[in-house]
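A.B. asks: take a look and give me a structure for this.
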Amino acid sequence: MNSVDEVKNQLVNLMTDQIDGKKYDDLDPNLDGDNYMKHSPFVVGYGSTAEQQFMFENLLIGFDSERNSILDIGCGRADLYGFLQTKNKTITSYQGIDHNPLMSDIAKEKYNIDIKSSTFETATLEKSDWVVASGFFTPRRCESEDEDLKKLFEDIDKMYNLANTCISFNLLSPIGNEIIDGFFYVHPGLVMDMLIEKYKYITVRNNYSNDVYTVTIYKF
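C.D. replies: Below you'll find the predicted structure:
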C-alpha cells in the first residue's frame with residue numbers, strides 16, 4: 001500500500017463518528033430525513049467523509065486558528081467549522097455565508113453559530129484573516145465559458161480584498177475527467193498562470209482527487 005492510500009485509510013478511520021449509532025456515510029436520505037441533511041457529507045456533494053476531510057486539510061494548510069479569523073464562502077452546513085472543532089481548534093472568529101437559507105438554518109442549529117443567508121455578490125462582509133470557498137465554484141453561473149472565467153476572477157479578487165492573510169478555494173479540473181453539464185471546469189495551469197501574474201504568491205495542490213484541486217493565494 002502506498003503512502004497516499006495509507007493516509008486515506010487513516011482519514012477514514014478518523015471519520016467514524018457515530019450519530020444515533022450510525023456512521024455519517026451510513027445515513028439514508030430516505031429514512032433519516034433531517035438527520036441526513038444535518039450530518040451526511042453526501043448532502044453537500046462529497047463522495048465520502050474522507051474526501052471532505054482531505055479537501056478541508058488542503059484549504060487550511062498553514063491556518064493557525066488561535067491567531068486567525070475565517071470567512072467561509074458558500075459554507076453550507078458549516079462543516080468547515082465542525083472540522084476545526086474535531087481538531088480541537090478554537091477559532092478567533094468564524095463568519096459563514098450561504099445563499100441557501102435551508103443550509104444556513106441547519107448550520108445554525110448544528111453548531112450554534114451565526115450564518116449569513118445571502119449571496120456572496122451582494123453581501124456586506126467583514127474582513128477575515130483567511131477567506132475560504134469550498135465547492136463554491138463547482139456550478140456554472142454564466143451562459144458561456146468566457147463569462148464563467150470572468151466571474152471566477154472577479155470573485156477571487158473580492159475574496160482577496162476581504163482577506164488579511166490568505167484565500168483558498170477549490171476548482172474542478174477538466175484533465176482526464178468526464179465533463180458534466182452545469183459544472184464549471186478550469187484548467188489548473190491556466191488558473192496558476194493568470195493568478196501568479198496578478199497576486200504572485202500562489203500554490204496549486206492537485207494532491208487528493210482526480211477531479212478537484214485546491215488553490216491558495218497568500219498575502220505577504
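A.B. asks: can you give me phi and psi for the closest residue to residue 142 other than its chain neighbours?
C.D. replies: Excluding the flanking residues, the one nearest residue 142 by Cβ to Cβ, 6 or more residues apart in numbering is residue 148, at 4.6 Å. Quick note: C-beta positions are derived from backbone N, CA and C, even for glycine. Here the main-chain torsion angles of residue 148 (degrees, to the nearest 10) amount to phi -60, psi -40.
A.B. asks: who's in contact with residue 148?
C.D. replies: 140, 141, 142, 184 (Cβ atoms under 8 Å, 6 or more residues apart in numbering).
A.B. asks: please pick the buried ones from those residues.
C.D. replies: Buried members of the contacts of residue 148, scored by 16 or more other Cβ atoms under 10 Å, are 140, 184.
A.B. asks: what sits against the residue positioned nearest the centre of the chain?
C.D. replies: The geometric centre of the chain, computed from its C-alpha atoms, lies nearest to residue 134 (Cα atoms, centre = their mean), at 1.6 Å. By Cβ under 8 Å, 6+ apart, residue 134 lies in contact with 55, 56, 59, 72, 74, 80, 169, 170.
A.B. asks: cutoff 7 Å now
C.D. replies: 55, 59, 74, 80, 170 (Cβ atoms under 7 Å, 6 or more residues apart in numbering).
A.B. asks: just the ones of the residues you listed in helices?
C.D. replies: If you go by DSSP state H, the contacts of residue 134 have 55, 59, 80 in helices.
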